[in-house]
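Q: Would you be able to build a 3D model of this:
(2 chains)
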Amino acid sequence: MVDPLRARAAAERGLARVTGEALGPYQSAVVRIGFAGTWLFFLLREFPNRHELYGPDGPWSWALAKRLIATNHAFTVLMWSDATWWFEAVYVVSVLASALLVLGWRTRATSVVFMVGVLSLQNRSVFMGDGGDNVIHLMAVYLVLTRCAQVWSLDARRTERGGAGPAGPVLWGVLGAVFGYGALAGRFDALWAAAFGALWVGAGVWWLAGRYAPEGEGRALLDVLANLLHNAGMLVIMAEVCLIYATAGWYKIQGSRWQDGTALYYPLGLDYFTPWPGLSALLAGSGTVVMLLTYGTVAVQVAFPFTLFNRRIKNALLAVMMLEHLGIAVVLGLPFFSMAMIAADAVFLPTGFLVWLGARVALVRVRRGRTGPVAVAGAGAVGR
Amino acid sequence: MDSNEGKLAERAVPLPVTAPRAAGIAGLSTPYRVLAAVALGAIAVAACAHLALVFLHVAPSNTVSKRHAATVDSWIYPEFEQNWKLFAPNPLQQNIAVQVRAQLRTAGGELTTSDWRDLSAEDGAAIRHDLLPSHTRQNELRRAWDFFTGSHDDDNKPNGERGALSEAYLRRIALDRLAGWQRGGERIVRIQLRSATTAVAAPKWSAERTDTQTYYRELPWWTL
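A: Numbers count the residues shown, from 1 in each chain, chains lettered A, B, ... in the order given. Have a look, this model is predicted:
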């Protein structure tokens, strides 16, 4: 029997939480740092190959991309011009946005630029990517919705010190000019124009309310809206991770090789996925090990979404999955895919562990005599 | 009595205007609450709708996803497209190498045909012992070949625009890799690609037997 009074009280508590708090401050921060860091690392790794991957004269040339995008309408600012300087500018801005997002500087604006960078580069050359690019693509969109800089960020440090500074309005001014150009020149389709317009107006109203009526009710309403958006974004991120594991697991169950326990043997014999042939041969050498890993992979992937109802089992499985991804990074030569998946997994890490991790990082920094932004913002936010 | 009255009077003093506002919807007055409630409803519906559409996109084709295919596709493509059938239902069990040869005109005007050059083997060599393999080596040619086979029939006839695009793409990759390869005075006249498919041998600890012979699929010559 459900007691109506208790149900009502629980509903009220829930309502107070989703409107009053941006839940999971540490989880959203670790997802931000994880994905921005992965993409930053990837862009730096591929810096020497950037023209071949995304440049106007790469094998997937600007003209070929134009023909494909005319049919699928994917978003990419790289189609605005086939000039090399434009491509270089977009690449460099993507690198900068990724670095600033890791640091959590003017995070909402930076996350928009990060998303534009990820979508522009990936959609320019869709045939260069793999599963890692796919998950970064999705998360770059979802991260825009979140207040992911409440801790471990330059923004958190600035808020603690009570500063505002001119960088925010300047940044949004520049973004406004770019959005305005894009909309007026017909570079965006209607949905993107509306999304950028809403983001820009939202940021403007937010800034005005903070400047002229910081204690006003309008500002309080904006806070509620930002919390709602954040919480919905986090829900979508968590559900997306569950969908990834569920589909990966359930489709495997249907495969004969996953059933007979040999599936993992085959990738270990593919030339494109064996950077360390000796190691791969060693793993492939034992039928029992291969069978256990094969069954273990499927079991963990299928089970994971259901273990969210039990904290301890969820945490144990999370550790197993992160370790498996570390293994995949080395054995199959998929470091960026693995980093992205670990960043996605991290949304489920327990707050206690993340606080501990933040304190450890802060301690190391203090010992080295550098009290950087991470240390200060991380330490200050522990009590929240 | 006096003291009681004093307490009542104290209680009646209005809250100072600077009192901190309760967090969340509770701290808002009615009109703002209505706005917040509307936003809550809209955001909740949007999030659930998005997740439902993503679910229908990643799930196997089913009664509901077939009925709403147009809606699902229009929301998912292009930005929310995703594929998590990683090594599923079965992992790839064969090495598919893409090879190229060229017909060259020498400085003397003679036509010669080169040997086959294994571009995938070169990718493999570049990946070997690299902790951070590049997408240019791991994905470029491999996925370009997938794109080609996915947009052509068994007789190498293209299926529409995607077929034409994949041909142009493969040709550009091949020519990029052949750049600087010919000897002085030689000019590439035509190129030809083929795939060499070899099954990964069955594990030595299993009783299975696999045909590990290499099978070729030759594309027609492409004149430059």
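
Q: For B:N90, give its distance to chain A.
A: Noted for B:N90: a distance of 4 Å to chain A, by Cβ to the nearest Cβ, to the nearest Å. (Glycine included, C-beta is placed from N, CA and C.)

Q: shouldn't that residue be in contact with A:W258?
A: Yes: with contact defined as Cβ atoms under 8 Å, B:N90 counts as touching A:W258 (7.3 Å).

Q: These two: who's more crowded?
A: A:W258 (23 against 18; other Cβ atoms under 10 Å in any protein chain shown).

Q: Is that one in contact with A:K252, as I believe?
A: Yes: with contact defined as Cβ under 8 Å, A:W258 counts as touching A:K252 (4.4 Å).

Q: what touches both of the two?
A: A:298, B:88-89 (Cβ atoms under 8 Å, 6 or more residues apart in numbering or on different chains).

Q: Just name the closest of those residues to A:L119, please.
A: Within the shared contacts of A:W258 and A:K252, the smallest distance to A:L119 is 26.6 Å, found for B:A88 (Cβ to Cβ).

Q: who's in contact with that closest one?
A: Counting by Cβ under 8 Å, 6+ apart, B:A88 makes contact with A:248, A:251-252, A:254-255, A:258.

Q: one step back: show me which of the shared contacts of A:W258 and A:K252 has the smallest pLDDT value.
A: In terms of pLDDT, the lowest of the shared contacts of A:W258 and A:K252 is B:A88, showing 91.

Q: Helices - which of the shared contacts of A:W258 and A:K252 land there?
A: Of the shared contacts of A:W258 and A:K252, the ones assigned to helices by DSSP state H are A:V298.

Q: A:V93 and chain B, how far apart?
A: For A:V93, the distance to chain B - Cβ to the nearest Cβ - is 20 Å.

Q: check which helix or strand covers that residue.
A: Using DSSP states H and E, A:V93 sits within helix A:84-103.

Q: Can you name the next helix or strand after that helix?
A: Proceeding N to C from helix A:84-103, the next assigned helix or strand is helix A:107-124, under DSSP H and E.

Q: got the phi/psi numbers for A:L323?
A: phi -70, psi -40 (degrees, to the nearest 10).

Q: Closest approach to chain A from chain B, which residue is it?
A: B:G24 (2.6 Å; Cβ to the nearest Cβ).

Q: And the pLDDT for A:A36?
A: 98.

Q: That one and A:G104 touch, don't they?
A: No: assessed by Cβ under 8 Å, A:A36 is found out of contact with A:G104, at 9.1 Å.

Q: Turn the shared contacts of A:W258 and A:K252 into a markdown table, columns for distance to A:L78.
A: Shown next, in a markdown table, are the shared contacts of A:W258 and A:K252 (distance: Cβ to Cβ, whole Å):
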| residue | distance to A:L78 |
| --- | --- |
| A:V298 | 39 |
| B:A88 | 32 |
| B:P89 | 35 |
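
Q: Out of the shared contacts of A:W258 and A:K252, which is nearest to A:V90?
A: Looking at the shared contacts of A:W258 and A:K252 and their distance to A:V90, the nearest is B:A88, at 34.6 Å (Cβ to Cβ).

Q: and the chain, what are its domains?
A: Unless you meant another one, I'm taking chain A. Domain ranges of chain A: A:24-163, A:251-348, per automatic domain parsing.

Q: please go with chain B instead
A: Recorded structural domains for chain B (assignment: automatic domain parsing) are B:7-76, B:94-223.

Q: Provide the count of other residues in contact range of residue 202.
A: Here I'm looking at chain A. By other Cβ under 10 Å, the residues close to A:G202 number 15.

Q: not what I meant, chain B
A: Residues contacting B:A202 under the criterion other Cβ under 10 Å number 18.

Q: Please look at it and B:T210 and confirm they touch.
A: Yes: counting by Cβ under 8 Å, B:A202 touches B:T210, with 4.3 Å between them.

Q: Next secondary structure element downstream of the helix or strand where A:A36 lies?
A: A:A36 belongs to helix A:25-45 when assigned by DSSP H and E. Note on helix A:25-45: by DSSP H and E, the next helix or strand toward the C-terminus is helix A:50-54.

Q: Can you give me the buried ones in the helix holding A:A36?
A: A:25-43 (16 or more other Cβ atoms under 10 Å in any protein chain shown).

Q: Now stretch B:148-167: buried residues?
A: B:148, B:151-152, B:162-163, B:165-167.

Q: repeat for stretch A:238-251
A: Residues of stretch A:238-251 classed as buried: A:238-251 (neighbour count, 16+ other Cβ under 10 Å).

Q: Select from the residues you listed every entry located in helices.
A: Judged by DSSP H, the buried residues of stretch A:238-251 include A:238-251 as members of helices.

Q: what about the nearest residue to A:L43 once chain neighbours are set aside, how many residues close to it?
A: Leaving aside its sequence neighbours, A:L43 sits nearest to A:V95 (Cβ to Cβ, 6 or more residues apart in numbering or on different chains; 5.1 Å). Counted with other Cβ under 10 Å, residues neighbouring A:V95 total 17.

Q: My guess is A:V95 contacts A:L44. True?
A: Yes: between A:V95 and A:L44 there is a contact under Cβ under 8 Å: 7.0 Å.

Q: Tell me the pLDDT of A:P166.
A: Looking at A:P166, its pLDDT is 87.
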